[in-house]
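K.L.:
need a structure here:
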Amino acid sequence: MTRQSTKTPEEHLRRADPVLRAVIDQVVRAGARPAVPPDPAQAADPNRPTDRYGVLVRAIISQNISAGASRSMYEKLKGRFGGRMPTPREVLDDDADELFRTTGLSRAKTASLRSLAEHVVTGKIDLERMHELADEDVVARLDTVKGIGTWTADMFLMFHLNRPDVLPVGDLGLRRAVERAYELPELPGPSELERIAEPWRPYRTLACVYLWRTAETTPQV
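P.N.:
Okay, here's the model as predicted:
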């Protein structure tokens with residue numbers, strides 16, 4: 001009878017990559033260890049209350065801006081709707097120019113929010129069944145929304161569906177953290193990042209969180 005491994009995701013990462021072991025030690029010493037390490041046993045529970053639409057709204061707002069600017073725009077969006085997240089129907093019924101003017105969102109992000117709302121209202125995307133899809137299928141569905149690309153889909157997989165083995169190769173903060181930790185001469189490209197991250201499987205999500213924590217650049221989603 002074969003004994004199953006009892007290694008935790010963190011233990012796997014420590015043993016698989018000495019550089020990442022040092023990163024984990026650094027984060028732990030700083031008291032910034034992730035509160036709930038992503039783990040297959042902690043996969044998204046379809047029976048718990050969710051706000052998948054709200055998560056994607058936050059992800060769209062957060063694209064290519066600082067965490068502080070993202071929070072400010074998010075609060076302005078909620079303020080326009082009485083201090084709460086608007087429903088998809090409310091976004092579509094609102095005046096697009098006024099939404100752009102009062103929230104500080106770019107016209108491109110305003111268009112993305114409206115595209116997401118339209119996909120939800122028409123049923124082109126069923127957010128409440130996203131947990132049933134494989135990672136690549138989630139990315140493919142979300143990619144049909146204007147302005148949602150692989151980065152936003154990766155953040156949704158990592159921080160909401162709690163998928164354990166996601167590697168967002170396009171994230172600048174992650175690439176910078178890897179450049180520093182591995183003492184690279186320049187930012188790693190997608191293929192080099194994939195190569196470096198190969199030993200982290202099947203816990204690449206957790207590895208990324210530790211690397212983000214070294215620079216306090218964890219995406220705000």
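
K.L.:
switch to C-alpha atoms for all contacts and neighbour counts from now on
P.N.:
OK.

K.L.:
Mind checking which residue lies nearest the centre of the protein?
P.N.:
Taking C-alpha atoms, centre = their mean, the centroid of the chain lies closest to residue 155, which sits 1.6 Å from it.

K.L.:
where does the chain dip in pLDDT?
P.N.:
Applying pLDDT under 70 to the chain flags residues 1-6, 35-50, 217-221.

K.L.:
quick one, domains of this protein?
P.N.:
9-42+165-215, 52-159 (automatic domain parsing).

K.L.:
how much space between the residue nearest to the centre of the chain and residue 164?
P.N.:
Note on residue 155: its distance to residue 164, by C-alpha to C-alpha, to the nearest Å, is 12 Å.

K.L.:
contacting residues around stretch 105-113?
P.N.:
Outside stretch 105-113, the residues within contact range by C-alpha atoms under 8 Å, 6 or more residues apart in numbering are 57, 60-61, 73, 91, 96, 99-100, 145-148.

K.L.:
could those residues go into CSV alongside neighbour count, secondary structure and distance to residue 130?
P.N.:
Converted to CSV, those look like this (neighbours: other C-alpha atoms under 10 Å; DSSP: H, G, I helix; E, B strand; the rest coil; distance: C-alpha to C-alpha, whole Å):
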residue, neighbour count, secondary structure, distance to residue 130
57, 24, helix, 16
60, 25, helix, 18
61, 25, helix, 21
73, 18, helix, 26
91, 20, helix, 22
96, 15, helix, 28
99, 18, helix, 28
100, 17, helix, 29
145, 21, coil, 15
146, 16, coil, 18
147, 19, coil, 19
148, 22, coil, 15
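
K.L.:
Between all of those residues, which two are separated the most?
P.N.:
Largest separation among the contacts of stretch 105-113 by C-alpha to C-alpha: 73 and 145, giving 20.4 Å.

K.L.:
Please enumerate the helices of the protein.
P.N.:
For the chain, the helices defined by DSSP state H occupy 9-16, 18-29, 52-62, 67-80, 88-93, 96-103, 107-122, 135-142, 150-159, 172-181, 190-197, 204-215.
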